[in-house]
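[1] generate a structure from the sequence data that follows.
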Amino acid sequence: MAKNKKTNVMRLLEQHDVDYIPHLWKEMSDMDRYHNYKTLVTTGKSGDHYVFVVPAHAELDLKKAAKTVAEKNIHMLKQKDLLPLTGYVHGGCSPIGMKKTFVTVFDDSMLNYDQVSFSAGEVGKAVELNPRDVERVIAFTFAEVRTTEE
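    Numbering: from 1, shown residues only. Below you'll find the model as predicted:
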């Protein structure tokens with residue numbers, strides 16, 4: 001990992017005394033694929049935006065996700081709208097450190113692990129941490145929002 005370049009996500013974790021391990025995605029090939037998570041941003045029928053963090057190997061179940069946030073339906077945010085809304089580019093989106101605060105849902109599969117990884121806020125960088133510690137930094141809930149077929 002480039003030791004000289006911390007991301008905003010890493011700085012926020014440190015400010016809230018959350019232990020993490022920085023990684024480059026290319027270094028993570030030996031980590032179980034079920035421990036890696038991706039951050040997805042959606043828009044509800046109401047126009048509100050929601051953040052979902054799901055296993056990297058799975059898809060977001062839009063029906064489950066909509067029900068979880070009490071929306072009639074939701075759809076994925078257009079890629080061109082991601083940077084202006086969140087401050088993150090596609091492939092570098094993290095649930096921590098967005099420009100605004102959004103309702104955030106972590107897939108409940110995270111509860112099976114003591115350590116998970118997700119984007120550190122830059123393409124190619126990740127943080128590995130205990131998912132329960134993230135509540136020191138952002139508000140979120142756990143719910144099953146992934147597709148269950150594997």
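
[2] list phi and psi for the spatially most central residue of the chain.
    Closest to where the C-alpha atoms of the chain average out (C-alpha atoms, centre = their mean) is residue 39, at 3.3 Å. Here is the backbone geometry of residue 39 (degrees, to the nearest 10): phi -110, psi 120.

[3] chain neighbours aside, what residue packs nearest to it?
    Nearest residue to residue 39, sequence neighbours excluded (C-beta to C-beta, 6 or more residues apart in numbering): residue 93, at 4.5 Å. Placement of C-beta: from N, CA and C, glycine included.

[4] so that neighbour makes contact with residue 119?
    Yes: contact status for residue 93 versus residue 119: in contact at 5.9 Å, counting by C-beta atoms under 8 Å.

[5] now the common contact residues for the two.
    Residues touching both residue 93 and residue 119 (C-beta atoms under 8 Å, 6 or more residues apart in numbering) are 38, 39.

[6] avg pLDDT for stretch 6-24?
    Across stretch 6-24, pLDDT averages out at 95.

[7] so what touches it?
    With C-beta under 8 Å, 6+ apart as the criterion, stretch 6-24 contacts 1-2, 31, 94, 96-97, 115, 117, 119-122, 124-130, 133-134, 136-137.

[8] how long is it end to end?
    End-to-end span of stretch 6-24 (C-alpha to C-alpha, to the nearest Å): 12 Å.

[9] and what of stretch 119-131?
    13 Å.

[10] quick one on the thing from earlier: buried among the contacts of stretch 6-24? Need that as a selection in ChimeraX.
    Buried residues within the contacts of stretch 6-24, by 16 or more other C-beta atoms under 10 Å, are selected in ChimeraX with:
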select :31,94,96,97,117,119,120,121,122,125,126,127,128,129,134,137
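
[11] the contacts of stretch 6-24 in helices, which ones?
    Per DSSP state H, helices hold no members of the contacts of stretch 6-24.
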